[in-house]
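Novice: Any chance you can model this:
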Amino acid sequence: MKKFLINIVLILIIFVIYFLQSNFFNWFTIAGVMPNLFVIFILFVGLFANKMMGTIYGMVLGLFLDVLFREKIGVSFIALGLVGFIATIFDKNFSKDSRMTIMLMVAGLTFLYETIVYFANGIINSINIEILSFARILIIEIIFNLFITIIIYPLIQKFGYYMENELKGNKILTRYF
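Specialist: Numbers count the residues shown, from 1 in each chain. Now for the predicted structure:
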């Protein structure tokens, strides 16, 4: 039952993030650049949930974003699925307690997601790729995502450890009962 409730809460968080992304951050931009809260969310799910949940949530959310915002379906699907998969790898290899580690993960995955989406859309739509303007937008978005991560990190950590305990459980078997 708790696993079901956690999934309901995660879906509600997706709708809140969608509302923030489409309404609030349209007015609150830095040099016309909005943060990408979806990358932060998928990183969070991949770090604290079970093994495949980050990848599944990334692919479903990517498909949702492709249907709503893209002409071609599949770019965000693949990019957010990859972000979720890499987040599960980060869960095994890095500490979730360090803010600096989380910030480096957010910066790296934002770079990865935006690079995949930009170049894939450039190739699919036969658009000229302008590296300097893309780099400027990417740097601003990374800084914006880092700033938001610093603000919401205590909430992410508190809910994340609760979610991790419920979903992963304590699977350590002792030798003596």
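Novice: Residue 83: how many residues sit nearby?
Specialist: As a burial measure, residue 83 scores 32 neighbours (other CB atoms under 10 Å). Using the backbone N, CA and C atoms, a C-beta is placed for each residue, glycine as well.
Novice: name the element it belongs to?
Specialist: helix 75-93 (DSSP states H and E).
Novice: would residue 71 count as being in a strand?
Specialist: No: counting by DSSP: H, G, I helix; E, B strand; the rest coil, residue 71 falls outside a strand, being coil.
Novice: circling back: so for the helix holding residue 83, mean pLDDT?
Specialist: For helix 75-93, the mean pLDDT works out to 92.
Novice: again, but for stretch 99-119
Specialist: 94.
Novice: and what of stretch 145-163?
Specialist: On average, stretch 145-163 scores 91.
Novice: so how far is residue 90 from the residue most central in space within the chain?
Specialist: When CA atoms, centre = their mean is applied to the chain, the residue found nearest the centroid is residue 39 (2.3 Å). Plainly put, residue 39 is 13 Å away from residue 90 if you go by CB to CB, to the nearest Å.
Novice: picking that back up, so the residue nearest to the centre of the chain touches residue 83, yeah?
Specialist: Yes: between residue 39 and residue 83 there is a contact at 5.9 Å, judged by CB atoms under 8 Å.
Novice: Just the helices from the chain, written as ranges.
Specialist: 2-19, 25-27, 37-48, 53-69, 75-93, 99-124, 131-167 (DSSP state H).
Novice: okay, those, which one's buried deepest?
Specialist: Mean neighbour count (mean count of other CB atoms under 10 Å) peaks for helix 37-48 among the helices of the chain, with a mean of 26.
Novice: Just name whatever secondary elements that helix is in contact with.
Specialist: Using 3 or more CB pairs under 8 Å, 6 or more residues apart in numbering; DSSP states H and E as the contact test, the elements touching helix 37-48 are helix 2-19, helix 53-69, helix 75-93, helix 99-124, helix 131-167.
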